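Student: I would like the atomic coordinates for the input below:
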Amino acid sequence: MTKDLIFFLAHLDDFEISCMGYLLKHHQQYDEIRCVLASSWDPKADLWSNNLRDISSFIGREIRYDNLEFKQRSLTSNFDEVKDKFYKTIEFGKSSRFDIVTHDSNDCHTDHTSVHAISKGLYKYTNRFVTVYSPSSISFEPNYWIGFNDSQYALKKKMLDKYSIGVEQSYTKLGYYLQSDPHYNIGNAYYMENFVHMDEPHHECYKILKWS
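Tutor: From the prediction side, this is the model:
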């Protein structure tokens, strides 16, 4: 029986912001690792390609990448088309299993919540269903923390520092990348309130909805 890991995310850069910890900790448990992004955005495309290559090199594993090629901010209006295209990338069968890591339902970004709702339609087929914290999450209730050592954290920070609000798409132009340790290390704030001992200096946080 094969077991795949599927990251289903809305945008280029969502993976680096929110999913690095799960990949680094669990990648050896899976036969295939897949990253499916629902939208593309030209100014980010080369940065993402370089980051994906660096991530694969760091873990010593190939990551299969698919982009559904929808425009940013269009995932809600194209909900059924996004769902159909995503579901068709998955091989369903008695001999295969997959886990999904995706956006959380308590996310203010409509692209993110659309991707969550599409993923939730596959909940019964998964062994694990895990959602991620993002800068646009509210009322996020993590129940799983993953620590980073210094070299892992340095990789994440290096990749995120490549992105710039100068080429980012935004309605108001008021959004920005919080390129600072508190933003990259958001899991620590949650972690300190829940555990006395901290074995790693950096953390990401997740919400487990299903784990078997």
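Student: All the helices of this structure, residue numbers only.
Tutor: Counting by DSSP state H, the chain has helices at residues 14-18, 20-26, 42-59, 79-87, 110-120, 150-160, 181-184, 186-192.
Student: Give the buried residues for the third one.
Tutor: By neighbour count with 16 or more other CB atoms under 10 Å, helix 42-59 contains the buried residues 44, 47-48, 51-52, 55. Yep, even glycine has a C-beta here, placed from its N, CA and C like the rest.
Student: what about the closest residue in space to residue 29 that isn't next to it in sequence, how many neighbours?
Tutor: Excluding the flanking residues, the one nearest residue 29 by CB to CB, 6 or more residues apart in numbering is residue 3, at 7.1 Å. Other residues lying near residue 3 total 14 when counted by other CB atoms under 10 Å.
Student: quick one: residue 3 and residue 128 touch, right?
Tutor: No: the criterion here is CB atoms under 8 Å, and residue 3 misses it with residue 128 at 9.7 Å.
Student: between those two, what contacts are shared?
Tutor: Shared contacts of residue 3 and residue 128, defined by CB atoms under 8 Å, 6 or more residues apart in numbering, comprise residue 99.
Student: Spit out the contact partners of residue 210.
Tutor: Contacts for residue 210 (CB under 8 Å, 6+ apart) come out as 123, 126-130.
Student: On the pLDDT front, check it for me.
Tutor: Residue 210 carries a pLDDT value of 97.
Student: Count the residues that sit near residue 10.
Tutor: So residue 10, with other CB under 10 Å, has 27 neighbours.
Student: my guess is it meets residue 114, correct?
Tutor: Yes: using CB under 8 Å, residue 10 is in contact with residue 114, at 7.4 Å.
Student: Mutual contacts of those two, please.
Tutor: In contact with both residue 10 and residue 114: 38, 75, using CB under 8 Å, 6+ apart.
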